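Enquirer: I need the structure of the sequence given here:
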Amino acid sequence: MLWVVSCAGLLLIGACNGGDPGTEGTETSTSTTASSPATVTTTDLAGESASTTTTVPVTKVFDADKMQDDVRDLLTGSYEVEDVQSVSCPAHQEVRAGNTFDCDVTISGDWHTVTITVNSDDGHYEVGAPEPK
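Expert: Now for the predicted structure:
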């Protein structure tokens, strides 16, 4: 069963709920900004200071807390899994097509793994079915 959903966020990417049923897996979508302005202030030996503003690249990452909540919702809703006790997704996972990582899930006291596959640089990702550890 595939669930495709869409939402927008800035800087940190969160997961969203909703969508239409399809085939295996659950796909989720989000977006972020690619850069952020920063002000740098320097002081020379004479005590004179100067400020400059520059744009620095920002690595887009998923919001682990939001993803954990949405993985739980998808497991109980889309996959109809009962007794999901906990979900733990790693922090600072880059939003980059091809990136994969696992979230740990406790279901009825047993540990399972849910694989997250990032499908696009825009934050579309697929949530796989839980697999026993």
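Enquirer: contact partners for the closest residue to Gly109 other than its chain neighbours?
Expert: Once flanking residues are discounted, Gly109 sits nearest to Gln85: 7.2 Å by CB to CB, 6 or more residues apart in numbering. Yep, even glycine has a C-beta here, placed from its N, CA and C like the rest. Gln85 makes contact with 106-109, according to CB atoms under 8 Å, 6 or more residues apart in numbering.
Enquirer: what sits against Ala91?
Expert: Per CB under 8 Å, 6+ apart, neighbours of Ala91: 61, 64.
Enquirer: change it to 10 Å
Expert: For Ala91, the residues meeting the contact criterion (CB atoms under 10 Å, 6 or more residues apart in numbering) are 61-65, 67.
Enquirer: and if you look at Trp111?
Expert: Trp111 neighbours (CB under 10 Å, 6+ apart): 86, 104-105, 130, 132-133.
Enquirer: what about Gly98? Give its phi and psi, please.
Expert: Per-residue torsions, Gly98: phi 100, psi -20 (degrees, to the nearest 10).
Enquirer: isn't it right up against Glu126?
Expert: No - Gly98 lies out of contact with Glu126 (CB atoms under 10 Å); the separation is 11.9 Å.
Enquirer: let me see the mean pLDDT of the helix or strand containing the residue nearest to Gly109.
Expert: Using DSSP states H and E, Gln85 sits within strand 84-88. Per-residue pLDDT values over strand 84-88 give a mean of 98.
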